[in-house]
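Colleague: The following comprises the amino acid sequence and a computationally predicted model.
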Amino acid sequence: MQAKHPEESRTTLTDLVLPSETNPLNNLFGGELLARMDRAASIAARRHSRRIVVTASVNHVAFNKAIPLGSVVTVEAAVSRAFKSSMEIFIDVWVEDRESGNRSKANEAIYTFVAVDETGAPVGVPPLEPETELEKQRYDAALRRKQLSLVLAGKMKPNEATELKALFQD
Ligand SMILES: CC(=O)SCCNC(=O)CCNC(=O)[C@H](O)C(C)(C)COP(=O)(O)OP(=O)(O)OC[C@H]1O[C@@H](n2cnc3c(N)ncnc32)[C@H](O)[C@@H]1OP(=O)(O)O
């Protein structure tokens, strides 16, 4: 299969924070943000693979900054690495200042999607070829994150996670 670039899967969703989507502090409810990120990530995974895709795991989420009611929120997702049937999707969340229009980073997350056929069985996806410096950094670290996710899910023995182990050695 021919390699694809992260740009080909990049997906941008922009939406407001409405009152029904907030917590008692009038900030965006975490579950609502998770759902928005899942939607953007699934479109990115579909654009890369052109297959049915399912969420296999949420590897990392950081709610670094509360997002107030009325904010304009942009969720940007792109494939950061493709393996055999699985794809790591990196998601950046931005909030737009009402007066200046400047965007500031609010949150980020990393999801894993798997491409499947009509019976739900995993199928192969094209490789990913990173281009920018940031895309290369995310690509390089993705194998460690995959191993960590598999170890936490009980699908890989810790002593088989060679890339991950190397992180803790001099
Ligand atoms: C709350 C919700 O809405 S969840 C709903 C959305 N998600 C779903 O319904 C998905 C339900 N789960 C499934 O269908 C299956 O578990 C699948 C398709 C994700 C994986 O199926 P498995 O039988 O485990 O397949 P298999 O072991 O071959 O793994 C397939 C790929 O997923 C990867 N994978 C599986 N679990 C994980 C995980 N926890 N973390 C990272 N990668 C994973 C495997 O490493 C493998 O990757 P590779 O082919 O690129 O090497």
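Modeller: Here it is on my side, so go on. Numbering: from 1, shown residues only.
Colleague: Okay, now the unreliable bits of the protein?
Modeller: Scanning the chain for pLDDT under 70 picks out the ranges 170.
Colleague: and the chain, which residues reach the ligand?
Modeller: Contact residues (CB under 6 Å from any ligand atom) of the chain with the ligand: 54-57, 83-86, 112, 114, 116, 120, 122, 146, 149-150, 153, 155. (Glycine included, C-beta is placed from N, CA and C.)
Colleague: Filter those residues down to the buried ones, ChimeraX style.
Modeller: Buried subset of these, written as a ChimeraX selection, criterion 16 or more other CB atoms under 10 Å:
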select :56,57,83,85,86,112,114,116,146,149,150
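Colleague: Quick one: the helices in this protein, in order.
Modeller: 30-49, 133-152, 162-167 (DSSP state H).
Colleague: Show me which residues of the first one are buried.
Modeller: By neighbour count on 16+ other CB under 10 Å, the buried set for helix 30-49 is 32-33, 36-38, 40-49.
Colleague: Kindly report the same for the shortest one.
Modeller: For helix 162-167, burial by neighbour count (16+ other CB under 10 Å) applies to L164.
Colleague: give the contact list for the residue lying closest to A161 once chain neighbours are set aside.
Modeller: What sits nearest to A161 in space, not counting adjacent residues and going by CB to CB, 6 or more residues apart in numbering, is Q147, at 3.9 Å. Neighbouring residues of Q147 by CB atoms under 8 Å, 6 or more residues apart in numbering: M156, E160, A161, T162, E163, L164.
Colleague: just to revisit the earlier point, from the buried residues of helix 30-49, which single one is nearest the ligand?
Modeller: Comparing these against the ligand with CB to the nearest ligand atom picks out D38 as the nearest, at 7.5 Å.
Colleague: so the closest one touches V54, yeah?
Modeller: No: if you go by CB atoms under 8 Å, D38 and V54 don't touch, sitting 10.6 Å apart.
Colleague: Tell me which stretches of the protein form strands.
Modeller: Remark: strands assigned in the chain by DSSP state E are 11-16, 52-62, 72-82, 86-96, 103-116.
Colleague: can you pull the buried residues of the shortest one?
Modeller: Put plainly, it is strand 11-16. So for strand 11-16, counting by 16+ other CB under 10 Å, buried means T11.
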